[in-house]
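Enquirer: next input, structure requested:
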Amino acid sequence: MKAQIAVSNENAPGLNTDKLREGCRGVVPLPGRLADWMPPLLCKERLHQWVDHYGSPLNIVNPEPFLTHAAALSQVASERGLSFRPFFARKANKCLAFVDAAADARLGIDCASSQEIQQSLARGVSPDDIICTAAVKDANLLKLCIAAGVTIAIDNFQELTAVDSLLWEENASVELALRMSGFIHRGDKLHSRFGFDIDQFDELLSFLREHPSSWRSIAGLHFHLDGYCASQRVSAIQQLLPLVDVLRRAGESVSFLDIGGGLPVCYLANEADWVSFWLEHERALTGKRGEITFRNDPLGRFVHGEEVMGEPRVYPFYQQLTREDWFAAILDTEIDGTCIARQVSSRGLKMQCQPGRSLLDDAGLTVARVEGVKPLGGDDIAVQLAMNGTQCRTSSVDFCIDPLLVERRDTDLPFSPPGEETGYLFGAYCTESDLIIKRRLEFPKGIGVGDLIVLPNTAGYFMHFLESRSHQFSLAKNLVYDPASPEVPHLDEIDESGSESAL
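Expert: Here you go, the predicted model:
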């Protein structure tokens, strides 16, 4: 089954997204997909009222798409007779509305810190529904997991030894998942700083035999690969399934296989726009046209002679195979004549995954107020926003979706009149490099103080992953929007409870 991505009906009264898009776009446009609930929100005066009341920037989230995407993934597994459960990767967005939505839908929660675990438990999530995958696990985190009964994804021998010591001290028990890595894919090793290298499996098995414990049980095998390649996941699964059999023969009750996250998302409306951008970027870097990024930022690539080399250090904002189709392609791949779904289910295993970005697709946007417009040099302007670059950023070096402009400028203050104005969005940090978006933008309708810049589809990682309080600025507030009651949004309890101070 292929789930339909909810996008706006361009022909519906009051929902003409062309009007929303015409105020701001890249000089080489990258128009993004807009979920159904977004255009009506952006066409209303209340958006300005909310920013006036809650401050800029303002994150607005809607859990409905989150639930739709989770159901679509479960449907893929159900159609193939596979026992399956997604665990929401909590690190992708801190809003408690998504924890509540996950709990109501009986999803698991993937937590990467003591704070995430404590907050989830406080929301009524059962410890049986939590897995801890923290990159670094100190003694306090391990004690918390053991005391609460949270499954721990074990990364290395040091962690395994520490858990054994704590179990002995606490006279407690715990379920573990062994995180594995170092798989061979098409002749190459997939190196990772995380997990036990698969070449260490015999050593790991010997450790378990030589240090038997009735207090710990190996409940599952887990991996999380960098990137979004489906065939790499197939290779990992193919190499792990025989290890499940070996562990079971050694007396371990392995019940699940967890394939981690990395389910792809497509942010853009058209593939042609994505292809065109990179062609024009290459022309700009080689001097064949004017710049389309700030000071010709190479976005991770470099110029050697007349040739542009290297790979962009940005998320692949356009992808054809996404979420449930990507998941289905993995499950339908055959190993020795039997599809993966059947290979897993015939062993009585439950499959788990840890989607973050892919569940949060369509589930949020970020709004920032224009506080100033000034000449930048040449023909460009600097648009100064009441936000900073950490408030819409991941490890990707740029946000490759065109912003939207919602007007309400104060004409008593400086503004750029309608015309062919181009420029960049700058943040409030006192550095030359605090750009919200590195791409050069144009503002055909002009832009001025009081206007709002809307960054669509930011719920997955962009809102919170790198946000900081440098200069002692306040963190952005997070507003929960319900399309059924659009006039009465409420602050997410991560703000109301003061829980953000713990993050």
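Enquirer: list the buried residues for stretch 39-54?
Expert: 39, 41-42, 47-48, 50-51, 54 (16 or more other Cβ atoms under 10 Å). No exception for glycine: its C-beta is placed from N, CA and C like everyone else's.
Enquirer: what's the offset of the longest helix anywhere in the chain from the middle of its chain?
Expert: When the chain is parsed with DSSP state H, its longest helix is helix 230-249. Centroid separation for helix 230-249 versus its chain: 26 Å, with Cα atoms, centre = their mean, to the nearest Å.
Enquirer: show me what that helix is packed up against.
Expert: Judged by 3 or more Cβ pairs under 8 Å, 6 or more residues apart in numbering; DSSP states H and E, helix 230-249 is in contact with strand 174-181, strand 184-185, helix 201-210, strand 216-222, strand 256-258, helix 323-332, strand 334-335, helix 340-346.
Enquirer: highest average neighbour count across the ones you listed?
Expert: strand 256-258 (a mean of 24; mean count of other Cβ atoms under 10 Å).
Enquirer: pretty sure Arg85 is in a strand, no?
Expert: Yes: under DSSP: H, G, I helix; E, B strand; the rest coil, Arg85 sits within a strand.
Enquirer: all strands for the stretch 351-500 of the chain, in order.
Expert: Counting by DSSP state E, counting those that start in this stretch, the stretch 351-500 of the chain has strands at residues 364-377, 380-385, 404-406, 415-416, 422-426, 435-442, 447-448, 452-456, 477-480, 490-491.
Enquirer: who does Tyr424 bridge with?
Expert: Beta-bridge pairing for Tyr424 (DSSP bridges): Ala382.
Enquirer: run a quick neighbour tally on it.
Expert: Neighbourhood size, Tyr424 [other Cβ atoms under 10 Å]: 19.
Enquirer: my guess is Ser358 contacts Gln319. True?
Expert: No: in this structure, Ser358 is not within contact of Gln319 by Cβ atoms under 8 Å, at 10.6 Å.
Enquirer: give the residues shared as contacts by these two.
Expert: Both Ser358 and Gln319 are in contact with 264-265, where contact means Cβ atoms under 8 Å, 6 or more residues apart in numbering.
Enquirer: which one of these two is surrounded by more residues?
Expert: Ser358 (27 against 17).
Enquirer: with adjacent residues omitted, what lies nearest to that one?
Expert: Spatial nearest neighbour of Ser358, chain neighbours left out: Leu263 (3.8 Å); criterion: Cβ to Cβ, 6 or more residues apart in numbering.
Enquirer: what about that neighbour, how many residues nearby?
Expert: Counted with other Cβ under 10 Å, Leu263 comes out at 28.
Enquirer: quick revisit: turn the helices and strands packed on helix 230-249 into a markdown table, columns for distance to Asp273 and mean pLDDT.
Expert: Shown next, in a markdown table, are those (distance: least, Cβ to Cβ, whole Å; pLDDT from 0 to 100):
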| stretch | distance to Asp273 | mean pLDDT |
| --- | --- | --- |
| strand 174-181 | 35 | 98 |
| strand 184-185 | 31 | 98 |
| helix 201-210 | 45 | 97 |
| strand 216-222 | 37 | 98 |
| strand 256-258 | 35 | 99 |
| helix 323-332 | 20 | 98 |
| strand 334-335 | 35 | 96 |
| helix 340-346 | 34 | 98 |
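Enquirer: now render these as a markdown table, adding distance to Gln115.
Expert: Output for the helices and strands packed on helix 230-249, formatted as a markdown table (distance: least, Cβ to Cβ, whole Å):
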| stretch | distance to Gln115 |
| --- | --- |
| strand 174-181 | 20 |
| strand 184-185 | 35 |
| helix 201-210 | 30 |
| strand 216-222 | 22 |
| strand 256-258 | 22 |
| helix 323-332 | 28 |
| strand 334-335 | 40 |
| helix 340-346 | 33 |
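Enquirer: of the ones you listed, which is nearest Val246?
Expert: Proximity to Val246 (Cβ to Cβ) singles out helix 201-210 among those, at 6.8 Å.
Enquirer: wait, doesn't Val480 sit right on Asp495?
Expert: No: the pair Val480 and Asp495 does not pass the contact test of Cβ under 8 Å, sitting 9.9 Å apart.
Enquirer: report the separation between Asp410 and Glu371.
Expert: The gap separating Asp410 from Glu371 is 11 Å, by Cβ to Cβ, to the nearest Å.
Enquirer: between those two, what contacts are shared?
Expert: Val449.
Enquirer: neighbour count: these two, which is higher?
Expert: Of the pair Asp410 and Glu371, Glu371 is the one with more neighbours under other Cβ under 10 Å, namely 16 against 12.
Enquirer: and Glu306, how many neighbours does it have?
Expert: 8.
Enquirer: check Phe84 too.
Expert: 22.
Enquirer: excluding chain neighbours, what is closest to it?
Expert: In space, Phe84 comes closest to Ala77 once its chain neighbours are excluded; the distance is 3.3 Å by Cβ to Cβ, 6+ apart.
Enquirer: what does Leu240 give?
Expert: Leu221 (5.2 Å).
Enquirer: mind listing what Glu203 touches?
Expert: No contacts exist for Glu203 under Cβ under 8 Å, 6+ apart.
Enquirer: hang on, the earlier thing: can you redo the buried residues of stretch 39-54 as a markdown table with pLDDT and distance to Ala70?
Expert: Putting those into a markdown table (pLDDT from 0 to 100; distance: Cβ to Cβ, whole Å) gives the following:
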| residue | pLDDT | distance to Ala70 |
| --- | --- | --- |
| Pro39 | 93 | 24 |
| Leu41 | 91 | 23 |
| Leu42 | 90 | 26 |
| Leu47 | 93 | 28 |
| His48 | 94 | 33 |
| Trp50 | 95 | 27 |
| Val51 | 96 | 30 |
| Tyr54 | 96 | 28 |
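Enquirer: what sits against the residue lying closest to Lys137 once chain neighbours are set aside?
Expert: Excluding the flanking residues, the one nearest Lys137 by Cβ to Cβ, 6+ apart is Glu159, at 5.8 Å. The contact partners of Glu159, by Cβ under 8 Å, 6+ apart, come to 137, 142, 152.
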